[in-house]
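[1] no sequence for this one, just the structure:
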């Protein structure tokens, strides 16, 4: 198979979709608006796209989308007097792009109605989704790796968008257990080009070992995370000075620490994904001098601090933006940690087939849910987190691989439940979100519980 993007996937829809999208971009050297989801995957996608547009000499502006809302997308398109590139969102609204007076290219990995059969679209709309060519958008290609791949189609020099492809995939947790499918192919080629380095390591970040473990959220370590005194005793038992920086550990010390952390997670009966986070290799980005997970954390923090544009500017090399993302990362980590500690002490609300909790931290709720089901809560039932405020209610839901294997599909479940109360939702089988009207929480949760129960009762492999 050639070491170029044309031959990465045999399905003819792969090349056809990319070539149509590429032709639309190359034929319009105008100002493009890049519309992106505000999480790590979306920010990383926009980062690669803007770097590619700059290389083409095209002016471009980036606008974040903070919720799954058709009305917001319609308003953005109405305010766009030229072409638009939509990344990590929007697959469910083809009629909006068809009505736009200028070219629109959609690069998304989420499930859409009718997948894997894309809708009929006019010539000025390019639709690229890995589901159409047999690649799983939940685990084998995220929006950031999809956008990275598209930029390589535009110009092979864009292989150097590797850091942003990886950071988005990590933000969407597609690295857990090792990269798979087309993600793995892209990473292998990036390693061969010396853009990435694979090496063993510990998923801990901080000025000292003590601070890194006490502030750890992924993995969240019951009895250690948020407890500096306990961390000191734990490290002393391993013969590791808590004041040492994580990067100073010898290979033998790192292996001993990983084994001790894995034993702690294993003894707590956590699902396999939790162990994989600790035991798998790390990815180092030579051009940035940091672990790819650190890059992902910085962009996640920028998005959740409601400044996703700063996360994009960091990728474009703005030193001030880099400083602001590092400052935001501290608040992001603390907010998630506090939420997990609160769940650890207070527990969650229980229904027959799901568990749920309320979070005042709208932008952190989904991450808290994902960490909670891996490291704290009952892994045999999906977790739903609800954030209620002055406007519509925001919902995030997370499952485990074992639940998905049993038939749980949070994307279709949240979409269907949201429709019953006048909202909308979608995402992936393992992680999804919804926006529902204020006051509809209880009816929505009851419908989600019912639908999950139906999924779990269905024969294995049904649907």
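    Yep, it's here. This one's a predicted model, so the numbers in the text were calculated from it and none came from an experiment.

[2] so what does the strand or helix carrying residue 33 touch, helix or strand wise?
    Assigned by DSSP states H and E, residue 33 belongs to strand 32-37. With contacts taken as 3 or more C-beta pairs under 8 Å, 6 or more residues apart in numbering; DSSP states H and E, strand 32-37 sits against helix 40-56, strand 60-65, helix 70-78, strand 84-87. Any C-beta I mention is one placed from the backbone N, CA and C, and that applies to glycine too.

[3] what residues does it touch?
    Outside strand 32-37, the residues that touch it by C-beta atoms under 8 Å, 6 or more residues apart in numbering are 25, 42-43, 45-46, 49-50, 53, 58-65, 73, 76, 80, 82-90, 143, 308.

[4] give me the sheet partners of the lowest-mean-pLDDT helix or strand in the chain and which way each runs.
    Every helix and strand in the chain was compared by mean pLDDT, DSSP states H and E; the lowest is strand 424-427, with a mean of 89. Sheet pairing of strand 424-427 (DSSP bridges) gives strand 431-436 (antiparallel).

[5] which parts of stretch 189-199 are buried?
    Buried residues in stretch 189-199, counted by 16 or more other C-beta atoms under 10 Å: 189, 190, 195, 196.

[6] make that stretch 169-181, sorry
    Buried-residue list, stretch 169-181, by 16+ other C-beta under 10 Å: 169, 170, 171, 172, 173, 174, 175, 176, 177, 179, 181.

[7] what of stretch 272-284?
    273, 274, 275, 276, 277, 278, 280, 282, 283, 284.

[8] quick one: residues contacting the first one.
    In this case it means residue 273. Contacts of residue 273 by C-beta under 8 Å, 6+ apart are 176, 177, 374, 400, 401.

[9] what about 10 Å?
    By C-beta atoms under 10 Å, 6 or more residues apart in numbering, residue 273 lies in contact with 173, 176, 177, 370, 373, 374, 375, 379, 400, 401, 402, 430.

[10] please identify which of the helices and strands packed on strand 32-37 is closest to residue 115.
    strand 84-87 (16.4 Å; C-beta to C-beta).

[11] avg pLDDT for that closest one?
    Strand 84-87 shows a mean pLDDT of 98.

[12] likewise for stretch 103-113?
    94.

[13] show me what secondary structure element comes after the helix ranked longest in the chain.
    Longest among the helix segments of the chain by residue count, using DSSP state H, is helix 319-346. Per DSSP H and E, the first helix or strand lying C-terminal to helix 319-346 is strand 349-350.

[14] partner strands of that following strand, with direction?
    strand 355-358 (antiparallel).

[15] just want the angle from whichever helix or strand comes after the strand it pairs with to helix 319-346.
    Heading C-terminal from strand 355-358, the first helix or strand you meet, by DSSP H and E, is helix 365-375. Angle of helix 365-375 versus helix 319-346, following axes from the mean of the first three to the mean of the last three C-alpha atoms, to 10 degrees, is 50 degrees.

[16] helix or strand right after helix 365-375?
    Past helix 365-375, the next helix or strand by DSSP H and E is strand 383-387.

[17] and the next helix or strand after that following strand with strand 383-387, angle?
    Counting by DSSP H and E, the element after strand 383-387 in chain order, helix or strand, is strand 393-398. Compare the direction of strand 393-398 with that of strand 383-387 by the same axes, to 10 degrees and you get 160 degrees.

[18] so for strand 393-398, mean pLDDT?
    Strand 393-398 comes out at a mean pLDDT of 96.

[19] now the contacts of residue 273: which count as buried?
    Applying 16+ other C-beta under 10 Å to the contacts of residue 273 flags 173, 176, 177, 370, 373, 374, 375, 379, 400, 401, 430 as buried.

[20] report the contact partners of the fifth one.
    Counting by C-beta under 10 Å, 6+ apart, residue 373 makes contact with 270-271, 273-274, 355, 379-383, 397-400, 403, 430-431.

[21] now those: which count as buried?
    Among the contacts of residue 373, the ones that count as buried by 16+ other C-beta under 10 Å are 270-271, 273-274, 355, 379, 381-383, 397-400, 403, 430-431.

[22] follow-up on the earlier one: mind listing which of the buried residues of stretch 189-199 are in helices?
    Under the assignment DSSP H, the buried residues of stretch 189-199 contribute 189, 190 to helices.

[23] now the two most distant members of the buried residues of stretch 189-199.
    189 and 196 (9.5 Å).
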